[in-house]
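J.: fold the following and give me the result.
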Amino acid sequence: MVHHHEPTYVFRLTHELALRWATLSIVLFFISVAGVSGFYQAIHGQTWTLVSASNQTNQWSALVVFLGFIAVLFGQIIIHELIHGVAFAAFGGSPRYGVSVKFFLPYAYATSPGTRFSRNAYLVIDLAPLVVIDLLCLVLVAIFPQAAWLGLVVVFNTSGASGDLWMATLLLRCPLRQLRWKIVIQVWRFTLLLMLIFVRYPLKLLVQKLVPLYGFGVTLRS
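T.: Below is the predicted model of the structure:
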């Protein structure tokens, strides 16, 4: 007999699971590199590669490029976990953060000990960093060709979300009376809220660049 107060899933990082996540991360890495490259080519007509994104000025020394590469990686990880935390708090949780190494796999995490979440709520918490960061960076890359390095953020964020995607896949298997499109609405509401906060000015520039192509006028006031 299943009791309603018992959790449907208890997530623990095992050796087998760590291997699956690492394999999925590698696959997502190559998929995201191809996706960002195709996106940049379609928008700006130029080739995007990991090398070109991290070495846009020949005057940069190899050390500066390497340090910038590391800064982008760790900055993306911090922002990713902070967005998890914001989502935890939005659904009544008390976020806690940490870093750990298990089975030679280093990882950062955000959690909310002792807090119970519905499936819908946890799906939003789980997928929010992937959706928000990737969409925000792609919008900025579309507006500013010189910000090609943000493609690195998309690659790191997507490949590093293997655990999030794995948990989301499990949660989507749970039976639920509500329709699944409600989950999508919740994710997009949360995403649009953060995008309106962080990309108001870039969005204004995007509209100003696209509107003349269609022959009508739009005024955006601060």
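
J.: how about stretch 109-117: buried residues?
T.: Using 16 or more other Cβ atoms under 10 Å as the test for burial, stretch 109-117 gives 110-112, 117. C-beta: built from backbone N, CA, C; applies to glycine.

J.: need the contact partners of whichever helix or strand residue 171 is part of.
T.: For residue 171, the host element (DSSP states H and E) is helix 162-172. With contacts defined as Cβ atoms under 8 Å, 6 or more residues apart in numbering, helix 162-172 is touched by 9, 11, 17, 20-22, 24-25, 28, 107, 119, 122-123, 126-127, 129-130, 180.

J.: what about this structure, any weak spots by pLDDT?
T.: 1-13, 51-62, 103, 175-222 (pLDDT under 70).

J.: ranges for the strands of it?
T.: Taking DSSP state E as the test, the strands found in the chain are 96-102, 105-111.

J.: single out the most deeply packed of these.
T.: Most buried of the strands of the chain by mean neighbour count (mean count of other Cβ atoms under 10 Å) is strand 105-111; its value is a mean of 15.

J.: now for that strand, which elements pack on it?
T.: In terms of contacts (3 or more Cβ pairs under 8 Å, 6 or more residues apart in numbering; DSSP states H and E), strand 105-111 is packed against helix 15-44, helix 62-90, strand 96-102.

J.: check which residues of the longest one are buried.
T.: Which is helix 15-44. For helix 15-44, burial by neighbour count (16+ other Cβ under 10 Å) applies to 17-18, 21, 24-25, 28-29, 32-33, 35-37, 39-40.

J.: would you reformat the strands of the chain as TSV and include distance to residue 84?
T.: Below are these laid out as TSV (distance: least, Cβ to Cβ, whole Å):
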stretch	distance to residue 84
strand 96-102	9
strand 105-111	4
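
J.: show me the contacts for residue 39.
T.: Neighbouring residues of residue 39 by Cβ under 8 Å, 6+ apart: 48, 138, 141-142.

J.: by neighbour count, which of the residues you listed wins?
T.: residue 141 (24 neighbours; other Cβ atoms under 10 Å).

J.: distance of the nearest residue to residue 20 once chain neighbours are set aside relative to residue 16?
T.: Residue nearest to residue 20 in three dimensions, not counting chain neighbours: residue 166, with 7.0 Å by Cβ to Cβ, 6 or more residues apart in numbering. From residue 166 across to residue 16, the span is 12 Å (Cβ to Cβ, to the nearest Å).

J.: that older thread, what about the residue nearest to residue 20, neighbour count?
T.: The number of residues near residue 166, taken as other Cβ under 10 Å, comes to 16.

J.: and for residue 161?
T.: The burial count for residue 161: 24, using other Cβ under 10 Å.
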